[in-house]
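Engineer: Sequence and predicted model, in that order:
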Amino acid sequence: MSYLFPASSITLEAALRDLHSGNPKARVAAAHALGDVVDPGDRTSARAALVRALDDDRGEVRAEAASSLGEVGDASVVDALARRLTDGDAGVRQNAAIALGTLRLPEALGPLITALREGPPDVRFQAATSAAEIDGAAAFEPLLAALDDGDPQVASACALSLGAIGDGRAVGPLAALLDHAEPAVRFDAAYALAELRDGRGRDRLIAGLDEPARAWDAVCALEWLGTADDARALTALLGRRKAEPNAVLRAAGAILRLARDAGVAEADVAAARRVLLAGLALRKLPLRGLAVQELATAGGDWATTPLERLRSSRKGKGLGDEIADALRQIHARETP
């Protein structure tokens, strides 16, 4: 018998049955399970059942079926998903757009570009991201044209997609968004410009360091820019008592990675080291894990003993592989 999950979970046969005749909750669960099918033969059956489920009378079932088709689909499901870009349920429309992007098939690009131009805002928003995932070069001009979309979330999605594509022709149009009426669009434009190594949005990124929802992205963008001004802004974050803790750890790693090229002062380098070493003792496991991750790319010999101490302690439980990888990376950097 073919199992989709461990032995206690639903079987392929049960999922196919429930998707056809179960109650709505069971049909949603079945559609979700079919997205995890691995066996090629089973995937054929799963695809056919999920395409049929795109016509289910319940929106939550159609949405889950669309999502799963992104995982097990092929070119044969593109038309069925494209039809759901105009579904009456917003969740279905969005999941269909996400699934088309997940498939990464050239056949899916045309429907997404049409949706970017003509769909409702929730679809335009997702179509921008999905189109860029499939073919950035082909999606570039449609995304550029959509930068002046009247919906701020769509404008932001287009800006971020253009930054990810990496075509320098987008710099001018993105810079124009730095004066947008919506703060979120201004920040996303600054982030996209930083990804293109243009610092015209630096002030907006520095301001974002004090906003918990944006601090992480602001740190990443300032590291991409990588000048002495950016390093100083990141150093200032280390001493702020109410700063977002994940962003502080990320900033400490960024400072150490920028130290040589950005001319970071020794006192600031020492402060960044202290932050990461203190991070190894933080109460929350994800924060300790992030400190280990940052040390993997920014640590030196000074970090090896604290990492080894963490590995042998109770707080190191669950981080053994990450610590071992960090020690390997540090050793590789420090060995002539």
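Structural biologist: All right, it came through fine. Residues are numbered from 1 along each chain as shown.
Engineer: where does the chain have low pLDDT?
Structural biologist: 1-9 (pLDDT under 70).
Engineer: what about Phe125, helix or strand, and which?
Structural biologist: If you go by DSSP states H and E, Phe125 is part of helix 121-134.
Engineer: typo on my end, it should be Trp216
Structural biologist: Applying DSSP H and E, one finds Trp216 within helix 215-225.
Engineer: Can you spell out which helices and strands pack onto that helix?
Structural biologist: helix 183-195, helix 202-208, helix 228-238, helix 245-258 (3 or more C-beta pairs under 8 Å, 6 or more residues apart in numbering; DSSP states H and E). C-beta: built from backbone N, CA, C; applies to glycine.
Engineer: Present these as a markdown table; the columns should include mean neighbour count and distance to Arg283.
Structural biologist: As requested, those are arranged in a markdown table below (neighbours: other C-beta atoms under 10 Å; distance: least, C-beta to C-beta, whole Å):
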| stretch | mean neighbour count | distance to Arg283 |
| --- | --- | --- |
| helix 183-195 | 24 | 30 |
| helix 202-208 | 20 | 26 |
| helix 228-238 | 20 | 19 |
| helix 245-258 | 24 | 11 |
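Engineer: could these be laid out in TSV, adding distance to Glu71?
Structural biologist: Shown next, in TSV, are the helices and strands packed on helix 215-225 (distance: least, C-beta to C-beta, whole Å):
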stretch	distance to Glu71
helix 183-195	28
helix 202-208	34
helix 228-238	38
helix 245-258	29
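Engineer: before we move on, back to that, quick check, distance from the helix holding Trp216 to the centre of its chain.
Structural biologist: Distance of helix 215-225 from the chain centroid (C-alpha atoms, centre = their mean, to the nearest Å) equals 14 Å.
Engineer: my guess is Gly299 meets Leu276, correct?
Structural biologist: Yes - with contact defined as C-beta atoms under 8 Å, Gly299 and Leu276 form a contacting pair (7.1 Å).
Engineer: Need the overlap of contacts for those two.
Structural biologist: Leu256 (C-beta atoms under 8 Å, 6 or more residues apart in numbering).
Engineer: now the helix holding Trp216 against helix 183-195, angle please.
Structural biologist: Relative orientation of helix 215-225 and helix 183-195, computed by axes from the mean of the first three to the mean of the last three C-alpha atoms, to 10 degrees: 30 degrees.
Engineer: Helix 215-225 vs helix 245-258, what angle?
Structural biologist: Relative orientation of helix 215-225 versus helix 245-258 (the same axes, to 10 degrees): 10 degrees.
Engineer: Other residues contacting helix 215-225?
Structural biologist: Helix 215-225 is contacted from outside by 187, 190-191, 194-195, 197, 199, 202, 205-206, 208-209, 211, 230, 233-234, 237, 243-244, 246-247, 250-251, 254, 257-258, using C-beta under 8 Å, 6+ apart.
Engineer: show me the residues around Asp210 that make contact.
Structural biologist: Neighbours of Asp210 in contact, by C-beta under 8 Å, 6+ apart: 240, 243.
Engineer: Oh, that last question was meant for Glu211, not what I typed.
Structural biologist: Contacts of Glu211 by C-beta under 8 Å, 6+ apart are Ala218.
Engineer: does it count as helix, strand or coil?
Structural biologist: coil (DSSP: H, G, I helix; E, B strand; the rest coil).
Engineer: Just want the phi and psi numbers for it.
Structural biologist: Backbone torsions of Glu211, given as degrees, to the nearest 10, read phi -110, psi 110.
Engineer: any idea how far it lies from Ala236?
Structural biologist: Counting by C-beta to C-beta, to the nearest Å, the gap between Glu211 and Ala236 amounts to 15 Å.
Engineer: Repeat that for Arg309.
Structural biologist: In terms of C-beta to C-beta, Arg309 sits 30 Å off from Ala236.
Engineer: One more: Ser130?
Structural biologist: Taking C-beta to C-beta, one finds Ser130 at 37 Å from Ala236.
Engineer: distance between the ends of stretch 311-320?
Structural biologist: The straight-line separation of the ends of stretch 311-320 (C-alpha to C-alpha, to the nearest Å) is 6 Å.
Engineer: Please state the offset of that stretch from the chain centre?
Structural biologist: Distance, centroid of stretch 311-320 to centroid of chain: 27 Å (C-alpha atoms, centre = their mean).
Engineer: Quick check: buried residues in it?
Structural biologist: Buried residues in stretch 311-320, counted by 16 or more other C-beta atoms under 10 Å: 311, 316, 319.
Engineer: now swap in stretch 287-299 and tell me
Structural biologist: Residues of stretch 287-299 classed as buried: 287-296, 298-299 (neighbour count, 16+ other C-beta under 10 Å).
Engineer: And for stretch 44-57?
Structural biologist: 45-47, 49-51, 53-54, 56.
Engineer: Which one of those residues is nearest to Ala155?
Structural biologist: Nearest to Ala155 out of these is Leu54 (C-beta to C-beta; 29.9 Å).
Engineer: before we move on, back to that, next step: the buried residues of stretch 311-320 restricted to helices.
Structural biologist: Under the assignment DSSP state H, the buried residues of stretch 311-320 contribute Arg311 to helices.
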